[in-house]
Structures are given as structure tokens and as C-alpha cells.
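> Next come a sequence and a model predicted from it.
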Amino acid sequence: MEVGRSTTRVDAYDKATGRAKYTDDLCPRNAYVSRILHSTIAHGRVLKIDTSEAEKIEGVIKVLTCFDVPDIQFATAGHPWATDPAKQDIADRKLLNEHVRYYGDDVAVVIAKDYVAADRAIRALKVDYEEYPFVLDPLEAMKEGAPVIHEEMPDNILGHGQIRKGDYQEAIKEPGLIKVEGWYFTPTVQHVHLENHVAYAYEEQGGRITVVSSTQIPHIVRRIVSQALGVPWGHIRLIKPYIGGGFGNKQDALYEPLVAWMTTQVGGHPVKFDTTREETFVSNRVRHAIHSHIISWLRPDGTLVARKAELFSDNGAYASHGHGVVLKAMGSFPQLYPVANFESDAWTMYTNKPSAGAMRAYGIPQAMFALESHTEDIVTRLQLDPYEFRHKNCMPVGYYDDFSKNELYDDSLRQTMDKAKALMDYDRKRELYKNQTGPVRKGIGISLFWYNTAVWPISIETSSCRMMMNPDGSVQVMTGETEIGQGFDTVFAQMAADSIGISADKVHVFTNQDTDVTPYGSGAYGSRQTYVSSFAIAQTGRLLREKILKHAHSLTRMPLEILDLVDGNIVRKGDKRVLMPLSELVTEILYDFKLSDAIAAESTYSVQSNAYSFGVSIAEVEVDIPLCKVKLLDIVNVHDCGTLINPQLAEAQVHGGMSMGIGYGLFETLLNDEKTGRVLNDNLLDYKLPTTMDHPDLKAGFVENPEPTSPFGNKALGEPPACSPAPAIRNAVLQATGVGINTIPLSPHQLFKDFSQAGLLGTEEERLLRRKAYEELKDTVIHVTDQAEEKAAVDTKSPQMQPGGKE
Amino acid sequence: MSKVQYKQIQFILNGHEVSASIDMRESLADMLRNEFGMTSVKKGCEVGECGACTVLIDGRPYDSCIFLAIWIDGRKVTTLEGLMDEDGSISDIQQAFIDEAAVQCGFCTPGFILSAEHLLQTGKRYSRDEIRRELSGNMCRCTGYQNIINAVEKTMDKRLEEKSESR
Amino acid sequence: MYDINHLYEATSVEHAVELRVEQPQALIISGGSDVLISIRAGGLAGCDLISLYGLDQLRGVSLDPDGSIRIGTLTSFTDLSEDPIIRERIPVLGEAAATVGGPQIRNIGTIGGNTCNGVTSADTATTLLAHDAFMELTGREGVRLVPMTEFYLGVKKVDIRPDEIATALLIRPQDYQDFHGSYFKYAMRDAMDIATSSCSVNVRLSPDKKTIEKARIGFGVAGPVPMRTPTAEEAVRGKPVSIDTIEAFAAGALEDVNPRTSWRASKEFRLHIQGELARRCLYESIRRAGGKV
């Protein structure tokens, strides 16, 4: 059995030796390079672009503007195509935009021989803009009179969804109920995969265009490229080599359509677009900032009677994944803590900021921060035990959701909570950290999370697999699903091996998805691949086995019913006699004059189920109150993601998600200049991605309840680890200091605001001064004063200007 | 329009003497990737923040993206390719990265392995916190650093053990 | 590829001075971690450069006959933090250098670059200021010494004449002997970061360790340039080692600092932190000097 073993990653050797080739490593040396001119206004229209000076620069091949692109609006969202127009994603942008909707929008592109020439040409382009007013705050954007960002949606609301369960308005009339209310704010953050998005394209015979791209979703992007260019799908070939992470940013068509078009503008010569790190922060995708307003009504004994929630999601300038993110967030609320009376509304707004798209766990980190902070606020207010309250009120075994057909088959939440509690010595520490005094205090906090697996029934969940036998008994396995760093190729090989009846080392995984070669897969998102592909693998493996055993019957004279394929051998079931090795069978059959068959199998499976994947984080912190610093001392995640296909890789995935959750809770936020809408911290110095010194050792634990709906018993693991670290940290800080902070990240700036208001800083007189300062500092964005002051406070590395030196 | 300046430089790349005529504006990262095919040198930010482009120069880690290629004249450079022997066998630290599942997307891996190789070569014993410090110029988004530190610590322990045994 | 117009490589200090005279428009590059980034961002695209990188004679720490510590301006942060003379005589400077960025940046960045770029957040600047160090400049006329307290002229502007290059930093024995110091770099991350506020304090205690004879404090990011805070220093001169003295020190520092609000941090926040840093650095300096609060 390969499933369940911690086999070595199939790509680890190539990556640890430098042999693994990523997109830029494969790009032809003579390819042209390109740079995009990004808009320097947050909202407006391009009236004119003077390209004359740029075109004169030595090394420049061509300059193309928003006036030259095909007049086709397309949707960039990385979702499978829907044949029902009502379900299709919003098509709201062209390759380059005349109507610019955020500071950093794509206006023109320069194709050149080298980057010096390209950058010089960018700086030489002269753009005349007509400026429109802009709006940065999603709540402002939905108000009457706000600037209209997309003509098709004059109120800036991409979507509004609601849930109505029971009768909230009636239920809150019950006498004696305690009301707990709070607003919770999560920031805009970015994926920060180490490899920036890069793609190159060239034309081949018959005008077909090949695009090689760092993408999570090659088949979907192939479709989007064809739609953006207005050519048939089969005209485009999309190849995905090894990629350096994605986390959802590359679950969109980023610059593939543009490079595909560019190559057609230079006679099919290879053209590359390599995103700079600054562009990754601004002109790719970000996570939706979601503001949540929650009101809960409880009886004094802690029974939850009614709950109301309003969620406001900031989509930025273009639709991308749009409203689906906040809908997923909202959907988790009445499930994690079932309540008879629940009323909620969720809105998604356009704003003149970088576009929000898919990012690891798709609305749930935002939802969990709000909900689990609110839970802590409830227990603080009602003086209940935070652990016991959760234990009592979270989703019970047997819970069934009619829409998703999900059922909680096992007591995941309580089991994972209990395990985490033991691992962190929670009870003793919780007791120890009560009633501290002094400037440095410790605390321990907990957060549960809700998640599911893949996207059925909201979206189709289909996956194909092809298996081709080699005469030596090994097999090539192909799928449209992608290795993006998470270890998919490895678990894929393990599942394939078990579904056929050979060892994993006999499985050659075809790792570079190529839409000309590999069958359809939707790609890496929604923690879908291992679950969804497992159905296709199991089915294809079965089909392959059937073919093999049929041939075995021809060669051995034994009836089918008593034949089996075990460990790469054809065996007789009864006495376990090895009749012939698989390799011999494949060779014989291939070269047999009559029977010749290149043994292969291929199938598609459309999954009609989903699966809950739950867990918990417990965090222990030390807070230096005067210095406004939180130090994370210890943290554990415990997951119930079903059977672990590869325990070592599963644990590694959890570490990575925890790190991202810690960044979310303590360090990361993308800031905008209120005056211009420009992103202020678009680089790795000013955007505080955690380094090795910024968090402690990470502990991961598992409770393995095999998932009944999936062939190998597994379910979602890619995204869940990012869902709960942030609220666990926030709740630990609450225990340590008595202050519940409702905005993340819990950066020193945030702590300064909240501690000042709570009167924790300095002497009485200083506290009064702090309070006054805090009143003046009410906004969450720090205002930028004039240019001179900004320069005066500047540090060694000035904020990165976009390529071309435009400030 | 002034002419492009070239300089003839000679240096040792992964143990071999090489020479090249280099555009004086090139970064070491671009020269290693484009002139010498050392594609293990990755570019993640090009401002010396992420460490993906880390190479060893005279045994010490540097961000090659902000190092002018011409400055390598007369010096020794090691890229990840240089840790593999002529017969294809890999170093202990590379094997440890594989064994400890310290590799996920792999993009930060070359830089981390080289930074680790530097600290291992000092022959000193480092605590886990000190290992974190020595690796603090390399960023990763996939692993949470956990298995990377495990791999380095394990290799350090083995090397120190072998050193004391051989006494 | 960097958009550099022409690169001149200096082969000696004298040659560097000549190049400065011949190419007045050219900028100096020693390790490159500031200049190359500015070129890439576009602000300095197309510039001429004079590279001092090859001048090994400007690397290293030594002792002058009079006991002054001489630090070559091309000494890297790594070499500075590991140097035995620094560790023995002025360890706080090595500790400050060790807070810069990460290992890779510490290998390429130089103390010369860190001071001559004139930025207020430079990690070595505050300690040098707080030890009354001197910048040695070499030009056509010869060698000139400028006290660090007069070296910073304004935002990113320093007292280097068009024909000069910075060749060494000097710390006199009377400025480091019997002094003990502590540096605190307050930043958002524990590595790869730039100070939001920084503070370097050093003290000389009386032989019985009960009185502060002299205390000096340098602040970074508390004003447009690295600065000393004389009010704080005066407030504790000759005073007993006690909590009250430490509080007076912090209060005095807050009189002199003048941080700004920027998008990176508000004035109120910086002030609050600066007071706290003054307290903690003095406390630690006293402790290192053998005093007890």
C-alpha cells in the first residue's frame, strides 16, 4: 500500500539539485522581453498616449497601447467554464485598459530586446489622462453618489447574498437575552509566492500560439487566452512547468492573454512577460479584505438563540473571483456554530484598488477571524470558559447541510480540540496566565475553523486521468491537475500505484501539464485536487486493471475472476501464485502480431460530493505592552482531513498554512495612499512577510477519520491550515492583556492604538494624552502628510517605484 | 548614446576556472543564469530581500541580484549545481532537504541550501535560534521554515558527530 | 541588467579621488545595496558610477598608535560584527551592525555606505554618533576629519566634498574606554527590516558604579538625520543610578526628538517607542557597566 506512507516527493531531487526548470529557466535566450506601463491614477480614462519618443529608443521592438488591443472583454477568474451564461464569471476587462480603475492598471506595453531598453521606453511614454474621482473604502463605494467604477454596475455592488434561517427578528424579542456585538476587520494581503508570475509565448505552425506560464490552472487559462484573443480554444497550447507557488494568485489568467497577443504582434517571435515583485503586489491579485459586523443574542447560560451577520467584501478594481469569496465566508457562520435563528447579508464592492481574487482558503480566514474573535468576546462578556463554550456549541456529529449534502460523519471539531489542548498544555497555561500584572504578559488562545473540499455543488468538479503502460511494467500517469509546490504529483503517484496494483516507484508522473497532451483538469484550487482527482485516478486505475487482466486471461488461460494484479505481478487469487510479471505481459501484448495493444486507459470523473474538513489552532503569546509587541511563543494546528495520503507531506503543508496564518495575524497588510490610491508597501521590505526569526517552531497534529465519500479516505488539506492561526493569536492576546483587538494584523501600530484606548500605556497623564492622540487617529489608514515630510521620515530603501521610474 | 562597456573577467565557478567577457551592467544573477546556464539561481525580488538568488562567494552567502557581475573577477562562486559531484552524488545537506520534506515549490530551495552550506562549513554548533538567524535572509512561503530548520540541524549534528569521531 | 551609463573602477584611494575630480557627475558605489536598488527603481537610471568595491585597503579594523579604533569604510557589517577589536573595545557597535538585514546583506553592505547615504535609520550611525566618532575623508588636499555630530547636513545629505571619498571611521580612546553601551533597533520584523525607531546609549559609571558620570544617546528615525539628545544627556550627568534617573533620561530624550508622521508610523507612536527605548537602553547600558538599578 502506497497510500498512507511518507514516500519521498517525486520532485524533491530535481528541486534540491537545481535541475527543476521553472518558466523563466525554459524561456528561449532570444525571446523579447516586455514591460507594462501602469496607470498612475486611481480612476480615469486614457485620452492619448504619445509613443513617439519610446519608439525611437534603441532596442525597442514595438510599443502597444490600450487602443491597439482586441475589443474583447473577458473574465480572468480561474473557474471552469459554465455553459449557462447566468453562471459565467464577470467579463470586465480587456488586455489593456482605456478606462483605468486602479493605480497600477495596465495601460500600454513595450516589447524590447532587453530590460534597459524596455524600462527606458516605459519612462518615455507620455499619457494624457482624464481623472475621475476614486473610492478606496468598500463601505463608501456602496453609498449613493460614489464614483461608478464599472458602467454595468452603477452601485459598485458586484453581488449581494443572504441567508435567512428561522426568524431572527422574532427570536431577539425573548426577554433576558444578552446582546454581544462587534465589528471585525481583516486586511488586504498578498500571496507572496517566491516565484513571480511569468509567461512567454510564441507562434507555431498554422498560427497556433504556445504559452508557457507559471500558472495553477493550465486548462482554464488556455480557454481564457482563446476567449481574450477571440480565437478557437484549440488554437492555444498552454504549458505549465514547475512553478514556485501560487496560493490562488495564479488561479486567474494574469498575463497569459497579453503575452499570447504580443507574440502575434511581432510575427510569432517569442515574447516574455516577467512580473516584478512590485507588480505582483499591485497588479496581480490580493485577498479580499472583509469587514464583518456580528450581533449575537444569548441566554445567560450561554445558549445561542439568534445571530445576525453583515459582511462587506472589498473586491478592488476588477471582478476576478468576485462575490464567491464572501459567499463562502458567510456560509460558514451558521454551520460552525449552528443556531436556529440566523440572518445574514453579504455584499461585494468594487473599489479603485488592486483586484482581489482567490487566496488560500477563499474567505474563510476572514470569516474565522471575525467569528472566533466574536466567540471570544461572547465568553469574555458572559464570563464563560472559552474552551467549554466552543465544545458545547460547535457543529455536532451528524450535522447535515442540504445544499452541499455535506454531513459531519465524525466528531471532528471536538476531537481536534481535545488533541490540541493536550499538545499545548492548554488548561494549565490558561490558569497560569490569569490575573497577571507587569508590562510583559503571556496568554493562550484557541480558534476553531470550518472548511470544505472542492467546490461542488457550486461549480463542476471534474477531473481526467490517463495511464499508459510501459513494457517494463512502469506507467506514465497524466492528469490536468497541477503540482504547485503542495506535493500533488507525489500523492498522485501514490494513489495511482494503489489503484493499479504496482509500487509508487513504478509510476512516472507527467508533471508539466500541456493542454496538447494532458487531459482536462481544473487545476489547483479549493483544496480540490487530491480529493477530486482521486476519483478519476481510482476509476482509471480500475479500467487499466480490467484491460491488463483481460490480457492476462488471454496469456495465462486462467479465468478473469481468479486473476489479480498485486505488486506488479499477475497472480492467481487462490494460491497467490505469481503467473507472470506485469512487465512481461505488457511487452508480450504490445508486440503480439494478433493481440497488439499499447495498454492504456483514460477516463473522466465528475464528482458529486463534498466533504467537511475541520480543525483548530491554539496559540501562546507573550505581549510586551509598553513596546506594543506580540511574540508568538508556541502554536499548534490539529486537523481532521481524513486519511493522510502522505503523512510527512501533509504535515509540511500544515506548517506552510500556519506560517501564512501567522503572517495574517501579526504582520501583513497592503496599504494605500489615501490621496492617490497608490499602494505604499509594494515590496518585501515594507510588506512584512515573516522571516525565519518571526515565528517559532510550528506543531501540527492530525485526527484521521477516513472520509466515507472518497476512494482513499482523504479530504481538503491545502487551505485549511491558514484559517485559524490569526484568531487564535488574537484570543491569546486578549487573555494576556484583557484587550480584544478586532483588526488584524496585530502589528505594533494596531497594538499602540488599542492599548492606548484601553489605558494600558504610561502614567495617568500620559494615558490621557494617549487617549487624545487616539481620538485623532481613529482611521485605520495612517494619513500621509505632504511630500517633504514623507521624504524626511524615509528609510534606507525608498518605496519601490514601478519599473520606468514613475512615482 | 554611449557604447556598452565590456570587461574580461576570470573566476572559479563551482570549482572550475572560467572566463567571460561581461557587459559591466550585468548582475551576477543574470550572468550566472544567462552566460553559464546556472538556472538554479532564482530571481524573486531583484532587490536583495528574498534571498532566492543567494550564491556563495568565497564561501559566504550573497544576494547575486544586487552584486555586479564584474566584481566576481578573481573570486570563487558556488551555485547549487556546484554541490553535486562529478559522478552525480549529492551533498548531505541536499539529501537532508529531500528526506526532511523541506522542499515544496522548490523556488527558495537553492538559496536556502547555499545559506545552510555556509553555516555548516564554519564547523560551529548552532542552536535552533542561531540557525534561524543564519537563514534569516532567505524567505519562504510554503514551508513555514520548519522542515528547513530540521534539515539543517540534522545535517549539522551529523557533521559534528563525524568530526568528533574522526578525532 | 542595471541601467548604468558608465562604470569607473577605482584601483586605489588616489585613483578614486582622481575619478571624483574627473567625473563630478558620477555616484559612488561601495557594496551596491543602496545604489543598485535606486537604479533599478528608475530614479538613478542612466547614471555614472565610481566603484570602490576593489579597494581592499579600505577594509578592516585596526588600532591607531594613540588607541583610536580605525574602521575602513569598506568594512562589511559581517566583518564589523565579528571583528575582535570591536568585540573587545566597543561591542555595541558590532551588535548594531549585526541587526542590519540578514546575512547576505551584512556581507555586501559597508559601514561607509551605511553612514554616507545619510539616512536617519542607519543602524551603525547612531552608535557612531553616540561615541563622538569621526569620519575621515580623503580628497585632493589630503585627509580631513569631520565629527559625526557635524557630518549629517540634512535629509540624505552629508559633508563630503566633490573631490573626497570617505576612507575611515575613527573612535578615540577617551570616547570608548570605560563606556558600556546598548543598541535597540525597533522594527516590525526581527530580520530583513529597517528601524521604525532606533536608539544607542552608552554610559560611563563612577568607580563605585553608583553614579552616572557621562551618558550619551543617539536616535535613529527620530528626526531627519541621526541625532543626539543633549537634554537627556545633561539630565543624568552626575546623577545616581536609579529609576528616577532613568525616567528623567527618557523624558529628556522626548524633549529633543522630533519624529514625523509617515505612512510607516505615526508621530505619537514613534514618540512613545522612543521614550521606552531610551529607558531600556540606559537600563541595559548601566547593567553592562556593572551598575544596579
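Received, thanks. Given the structure is predicted, the values throughout are model-derived calculations rather than measurements. Residues are numbered from 1 along each chain as shown, chains lettered A, B, ... in the order given.
> residue in chain C nearest to chain B?
Distances between chain C and chain B by CB to the nearest CB are smallest at residue C:102, namely 2.6 Å. In this view, the C-beta of every residue, glycine as well, is placed from N, C-alpha and C.
> Let me see the contact set for the nearest residue to that residue once chain neighbours are set aside.
Leaving aside its sequence neighbours, residue C:102 sits nearest to residue B:137 (CB to CB, 6 or more residues apart in numbering or on different chains; 2.6 Å). By CB atoms under 8 Å, 6 or more residues apart in numbering or on different chains, the residues touching residue B:137 are B:51, B:54, B:61, B:63, B:115, C:101-105, C:191-192.
> ok, now with 7 Å
Residues near residue B:137 by CB atoms under 7 Å, 6 or more residues apart in numbering or on different chains: B:51, B:61, B:115, C:101-105, C:192.
> Residue A:700 and residue A:556: what is the separation?
47 Å (CB to CB, to the nearest Å).
> With residue A:337 instead?
Remark: distance between residue A:337 and residue A:556 (CB to CB) = 60 Å.
> With residue C:221 instead?
Taking CB to CB, one finds residue C:221 at 81 Å from residue A:556.
> More neighbours: the two, which one.
residue C:221 (33 against 16; other CB atoms under 10 Å in any protein chain shown).
> ok, that one touching residue C:198?
Yes: here residue C:221 reaches residue C:198: they are 6.3 Å apart, a contact under CB atoms under 7 Å.
> Now do the strands in chain B.
Counting by DSSP state E, chain B has strands at residues B:6-13, B:16-23, B:54-57, B:60-63, B:76-78.
> Equivalent analysis for the stretch 351-500 of chain A, please.
A:400-401, A:406-407, A:440-449, A:462-469, A:475-479 (DSSP state E, counting those that start in this stretch).
> got the contact list for residue 105?
Picking chain A for this. Residues counted as contacts of residue A:105 (CB under 7 Å, 6+ apart) are A:38-39, A:97, A:317.
> oops, I was thinking of chain B
Contact analysis of residue B:105 by CB under 7 Å, 6+ apart lists A:194, A:243-245, A:484-485, B:142.
> switch the cut-off to 6 Å
Residue B:105 makes contact with A:244-245, A:485, B:142, according to CB atoms under 6 Å, 6 or more residues apart in numbering or on different chains.
> so what's it closest to, chain neighbours aside?
residue A:485 (2.7 Å).
> And the pLDDT for the one you found?
For residue A:485, the pLDDT comes out at 95.
> Give the burial count for it, as a bare number.
Counted with other CB under 10 Å, residues neighbouring residue A:485 total 29.
> Quick check: it touching residue B:104?
Yes: with contact defined as CB atoms under 6 Å, residue A:485 reaches residue B:104; the gap is 4.3 Å.
> Overlap of the contact sets of those two?
Residues touching both residue A:485 and residue B:104 by CB under 6 Å, 6+ apart: residue B:142.
> At which residues are the helices of the stretch 401-550 of chain A located?
Assigned by DSSP state H, counting those that start in this stretch, the helices in the stretch 401-550 of chain A fall at A:412-424, A:426-432, A:488-500, A:529-556.
> contacting residues around the third one?
Contacts with helix A:488-500, where a contact means CB under 6 Å, 6+ apart, come from A:2-3, A:9-11, A:477, A:483, A:503-504, A:507, A:509, A:511, A:529-530, A:534, A:537-538, A:541, A:544, A:645-646, A:712.
> where does the chain have low pLDDT?
Just going to use chain A. Residues of chain A meeting the criterion pLDDT under 70: A:763-807.
> actually it's chain C I care about, not the one you picked
Using pLDDT under 70, nothing in chain C is flagged.
> Can you pull the residues of it lying near chain A?
Counting by CB under 6 Å from any CB of the partner chain, the residues of chain C close to chain A are C:1, C:3, C:41-43, C:119, C:121, C:155, C:188-192, C:194, C:224, C:260-263, C:266, C:268-269, C:276.
> Buried members of those into ChimeraX, please.
Of these, the buried ones can be selected in ChimeraX as follows, counting by 16 or more other CB atoms under 10 Å in any protein chain shown:
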select /C:1,3,41,42,119,121,155,188,189,190,191,192,194,224,260,261,262,263,266,268,269,276
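> Checking residue A:601 next. Helix, strand or coil?
Recorded secondary structure, residue A:601: strand (DSSP: H, G, I helix; E, B strand; the rest coil).
> okay but it is in contact with residue A:544, surely?
Yes: assessed by CB under 6 Å, residue A:601 is found in contact with residue A:544 at 3.9 Å.
> Now for the two: what residues contact both?
Residues touching both residue A:601 and residue A:544 (CB under 6 Å, 6+ apart): residue A:467.
> Neighbour count for the two, which is higher?
The residue with more neighbours, out of residue A:601 and residue A:544 and counting by other CB under 10 Å, is residue A:544; that gives 27 against 21.
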